[in-house]
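**Q** fold the following, please.
(2 chains)
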2 protein chains.
Amino acid sequence: MSRPRTPEPALDMQGDAPRATRNEDDADRTQHSHRMLNFSDALLSIIATVMILPVTHTEISPEQQFDKNIQKLLATRIAVYLMTFLIVTVAWAAHTRLFQVVGKIDDTLALLNLACMMTITFLPFTFSLMVTFPEVPLGILLFCLCVITIGAVQALIVVYAFHFPHLLNPQIARSTHRALCRRHVLYIVLRGPALCFAAAGFSLFFYPASYLLMATVIFLPYVNKAASWCRQRLVGPQEPPAHSVEVFTFDLQEPLSKERVEAFSDGVYAIVATLLILDICEHNVPDSKEVKERFHGSLLLALSETGPRFLAYFGSFATVGLLWFAHHSLFLHVRKATQSMGLLNTLSLAFVGGLPLAYQQTSALARQPRDELESVRISCAIIFFASVFQLAMWTAALLHGPDTLQPSARFGGEEHAFMLAKLALYPCASLLAFACTCFLSRFSAAIFHLTQVAVPFIFLLLRLLVRLALRVLRALPGLARPAPYPQDAAERAPLLPAPC
Amino acid sequence: MSRPRTPEPALDMQGDAPRATRNEDDADRTQHSHRMLNFSDALLSIIATVMILPVTHTEISPEQQFDKNIQKLLATRIAVYLMTFLIVTVAWAAHTRLFQVVGKIDDTLALLNLACMMTITFLPFTFSLMVTFPEVPLGILLFCLCVITIGAVQALIVVYAFHFPHLLNPQIARSTHRALCRRHVLYIVLRGPALCFAAAGFSLFFYPASYLLMATVIFLPYVNKAASWCRQRLVGPQEPPAHSVEVFTFDLQEPLSKERVEAFSDGVYAIVATLLILDICEHNVPDSKEVKERFHGSLLLALSETGPRFLAYFGSFATVGLLWFAHHSLFLHVRKATQSMGLLNTLSLAFVGGLPLAYQQTSALARQPRDELESVRISCAIIFFASVFQLAMWTAALLHGPDTLQPSARFGGEEHAFMLAKLALYPCASLLAFACTCFLSRFSAAIFHLTQVAVPFIFLLLRLLVRLALRVLRALPGLARPAPYPQDAAERAPLLPAPC
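**A** Next up, the predicted model:
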């Protein structure tokens, strides 16, 4: 009954599953959870990025100075966006953990999951209420109510799944310590809501304490992880009691599911890439009456008015698309995603979400030279951080050990130099553009647009360029090559003379 | 080198792929196309639904009468939405076909695909330009330019993939008629753009001809399919020439890829479910100054002002979620998706996209009793069509033959009655609600909200209800049960006494 959870249900469900489990009463009721998880990932990635919309829509008219008020408004909105992203990512990670324990679903679990999703989609609203009215307890109460509801639904899912053990991950279903495991999972699921319950109480008479408690909920996994890491460094690896090993496997040490990290990232990239076209389709179709009156019937003239927005769209789509491409190339070589890689991925995605804003600002403020310089610099910075966290993810994978990356991408592998070039291209290009604007501040827009056009072509020619660079490097005498990775040096040795 | 294309790249790429192909120069450069296709599906599903936003945002203030002008505006926008949905779905189907020929990708193909996606995302804008200014050639020209660009990029992809045959579907890569196949695929890819080229020419002096040509491009696959079906019925199945069998396998007779239908549908459901929260998060966070002045500092009062919008959100999310759930249950039992099922799925999804509009109208117009009745009826109609096309999809699968559905869902299978109940619940509920509003028009809003609350609970208890209904049916004498499906009657006979 309880088969290992494979990532694809489509092929292996073709007919043999119902036949194999004929003798079970509820044979056909259990389903692989693959598609439900994909759907949840899509929902959560949209929700994570939704708060960038108020930031993107902050109107700055050319007459108005970029004054303190606007700056404060923009800063608040950006903070709301970043915190929402973090909160939803924490909810997503908890969801991932939960469905590593629950390996299969049936109709009841699918419906409970939908209820859970609906509550999570409400989080951004309560959060922005909280930021706009920090001293009114209602925002805090609503936020806590959401978290408590999510916890209650997740606890229901856990209780239900442990009641029908064939729904569980086979490793837990077969375990002798199932009751203990259930208690542990319930503890993890419910500790956040319990803290929020306390926070809701505090909000009525001493609200700073509520904020402290809520921050604890959000950072709990990372705090826990850091604490256990420190303990290990200081005391040395503890001898764990016999049963807790398998229990903790499903808690924090376990790498994240690679497929779900990919699905969540794909969702974020897709929604971010299309954010600007959503606006354009809605607001930039000129009105037929206006075209007649203002532009003497010339549609071309009316469209050229909004021309910069189209440029911004293409620039933003191309950058997001190419960052997706780098992410995709990276994860082709990743074997499993560790927790630190998950955190770096979240940070990278949070900056990716800011890209449409950056591009829109670059086009909207182009009329004022002083602001132009500023917004080009902000754009460069956002691109830099989005891409440098991808590079950091790769570094983390390289340093983590031999089983996180495919051999070909590790030190000395054929693809190592090429991967490095792919991931380093955007950080280098954005740094270069930023540096150029310092020296040639008058041409900042031109520099930015040049970068925008050049980078896709460099991506197309990257393999040739890397091969050329390696040839040149090898031709220079005295330049030491990095030592091949010890584990597969022998296996890889015959290939080393032609590394690309 | 050319392995069969499996839907999951994650597990089977762990290390063995590079080692197995060590002797090939470009071993590591080819990749499974799975994740790229998922990303494309996400992008395309967002783009398909984007034009519902102008419809949703059509403001109807309570003072303003629901007059002819608004009606015309709304009708135009709905037409634009439906046509855009159709166009993007056609583009998606073409993309599916293309990547059934091209089985694997490398970096160049991934970049070309991104370029293709960027052009497709621009289609909705050109289309709404065309509808707003039907007599100005610019809209037609832009639309045709997009289609031609898409065709050119796709032709490039085909030429590139046939130049490196290891990227092709193994069946084609091994074929002896590869050159012929390439010509045929190129013909299919380029015939649309060729027609659009002619349309662009006509737009300059006789624009009705352009519209005719563009309509041909969109409906070409269906026209072709219908023509070949009619020919088969009239003349009988033709003896095809030896080589064309395998060529045409990748054209029109082949069922659509089930995974991609699921991924595209998931994307549409996810974006539609969250459309209203996007609005709420952006526009319904009250302004702190306004709260002080208008509501004497009471946040609760300010929020209750926008209360109906939250109700609309929850109602719309629940309905979209449950329709997703029905779709998910259906596709668990589907083995392959035929072309007619694909068309029915598209129609169902197009109505799903209208759901947020329906719910918003129900809450926005609640102040005027006459409009309330109308909008409740429209909502019921949209829900009815969205769900009845799902039911039609199931019927099509049942009628198509034994290999489209799992045995357990076919006539006489254990899950047959349950599946029927799941898929028939929403059509019945919406019909019932519609009928009720005819008799009890004063309580239409109450009826609608009651349906909204009752349906999720019925879904939870559905299995029990179906079992009960079957018991009652069997207890009644003289009621014939449907004959079991002939092919597996023998196999299934021992199970028949306990059909649920």
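
**Q** and chain A, what are its domains?
**A** A:33-59+A:70-232, A:258-474 (the TED database).

**Q** need those in a markdown table with mean neighbour count, mean pLDDT and distance to chain B, can you?
**A** Where C-beta positions appear, they are placed from N, C-alpha and C, glycine not excepted. Compiled in a markdown table, those are given as follows (neighbours: other C-beta atoms under 10 Å in any protein chain shown; pLDDT from 0 to 100; distance: least, C-beta to the nearest C-beta, whole Å):
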| stretch | mean neighbour count | mean pLDDT | distance to chain B |
| --- | --- | --- | --- |
| domain A:33-59+A:70-232 | 20 | 85 | 4 |
| domain A:258-474 | 20 | 84 | 4 |
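
**Q** take those domains and write them to TSV, including distance to B:Ser257.
**A** TSV is the format used below for the domains of chain A (distance: least, C-beta to C-beta, whole Å):
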stretch	distance to B:Ser257
domain A:33-59+A:70-232	14
domain A:258-474	17
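
**Q** next one: the longest helix seen in chain A to chain centre, how far?
**A** In chain A, with assignment by DSSP state H, the single longest helix is helix A:68-101. Centroid separation for helix A:68-101 versus its chain: 11 Å, with C-alpha atoms, centre = their mean, to the nearest Å.

**Q** out of the domains of chain A, flag the one nearest B:Cys428.
**A** Smallest distance to B:Cys428 across the domains of chain A (C-beta to C-beta): 18.4 Å, for domain A:33-59+A:70-232.

**Q** one step back: ok, and what's touching the helix or strand following the longest helix of chain A?
**A** Using DSSP states H and E, the helix or strand that follows helix A:68-101 in sequence is strand A:104-105. Contacts to strand A:104-105, defined as C-beta atoms under 8 Å, 6 or more residues apart in numbering or on different chains, come from residues A:Ser2, A:Arg5, A:Thr30, A:Gln31, A:His32, A:Ser33, A:Met36, A:Asn113, A:His166, A:Leu167, A:Leu168.

**Q** and the furthest pair within the residues you listed?
**A** Using C-beta to C-beta, the pair of the contacts of strand A:104-105 lying farthest apart is A:Ser2 and A:Asn113, separated by 19.2 Å.

**Q** ramachandran coordinates for A:Ala273?
**A** phi -60, psi -30 (degrees, to the nearest 10).

**Q** ok, it - contacts?
**A** A:Ser316, A:Phe317, A:Val320, A:Gly321, A:Trp324, B:Leu43, B:Thr121.

**Q** need the contact list for the last one.
**A** Contacts were defined as C-beta under 8 Å, 6+ apart; by that measure B:Thr121 touches A:Ala273, A:Thr274, A:Ile277, A:Phe317, B:Leu43, B:Ile47.

**Q** would you say it is within a helix?
**A** Yes: with DSSP: H, G, I helix; E, B strand; the rest coil as the criterion, B:Thr121 is located in a helix.

**Q** any idea how far it is from A:Gly354?
**A** Between B:Thr121 and A:Gly354 the computed distance is 20 Å (C-beta to C-beta, to the nearest Å).

**Q** next one: the helix or strand containing A:Pro208 to chain centre, how far?
**A** Per DSSP H and E: A:Pro208 is located in helix A:207-235. For helix A:207-235, the distance from its own C-alpha centre to the chain's C-alpha centre is 21 Å (C-alpha atoms, centre = their mean).

**Q** now swap in stretch A:305-315 and tell me
**A** 26 Å.

**Q** tell me the SS of the residue of chain A positioned farthest from its centre?
**A** Ranking residues of chain A by C-alpha distance from their mean position (C-alpha atoms, centre = their mean) puts A:His296 at the top, at 47.3 Å. Following three-state DSSP, A:His296 is assigned to coil.

**Q** these two touch, right, A:Thr84 and A:Phe125?
**A** No: under the criterion of C-beta atoms under 8 Å, A:Thr84 is not in contact with A:Phe125, lying 9.5 Å apart.

**Q** and for stretch A:347-357, what's in contact with it?
**A** A:48-49, A:52, A:55-56, A:78, A:81-82, A:85-86, A:89, A:265, A:268-269, A:272, A:275-276, A:312, A:316, A:319-320, A:323, A:327, A:382-383, A:385-387, A:389-390, A:393.

**Q** so which of the contacts of B:Thr121 sit within helices?
**A** Among these, the ones falling in helices (DSSP H) are A:Ala273, A:Thr274, A:Ile277, A:Phe317, B:Leu43, B:Ile47.

**Q** contacting residues around the third one?
**A** The neighbourhood of A:Ile277, defined by C-beta under 8 Å, 6+ apart, consists of A:Tyr313, A:Phe317, B:Ile47, B:Val50, B:Thr121, B:Phe122, B:Pro124, B:Phe125.

**Q** apply 10 Å and report the result again.
**A** Applying C-beta atoms under 10 Å, 6 or more residues apart in numbering or on different chains to A:Ile277 gives the contacts A:284, A:310, A:313-314, A:316-317, A:356, B:43, B:46-47, B:50, B:118, B:121-125.

**Q** now do the fifth one
**A** Listed by C-beta under 10 Å, 6+ apart, the contact set of B:Leu43 reads A:266, A:269-271, A:273-274, A:277, A:317, A:321, A:324, B:88, B:92, B:114, B:117-118, B:120-121, B:267.

**Q** give me phi/psi at A:Phe295?
**A** Here A:Phe295 shows phi and psi, under degrees, to the nearest 10, equal to phi -110, psi 20.

**Q** so the residue farthest from the centre of chain A versus A:Thr30, what's the distance?
**A** 67 Å.

**Q** same thing with A:Thr338?
**A** Distance, A:Thr338 to A:Thr30, by C-beta to C-beta: 30 Å.

**Q** and for A:Leu465?
**A** Per C-beta to C-beta, A:Leu465 is found 51 Å from A:Thr30.

**Q** any idea of the pLDDT on A:Gly236?
**A** pLDDT for A:Gly236: 66.

**Q** over to the one 5 residues further on?
**A** pLDDT for A:Pro241: 49.

**Q** any residues in contact with both of A:Thr84 and A:Phe125?
**A** Jointly contacting A:Thr84 and A:Phe125 under the rule C-beta under 10 Å, 6+ apart are A:Val50, A:Met51, B:Cys281.
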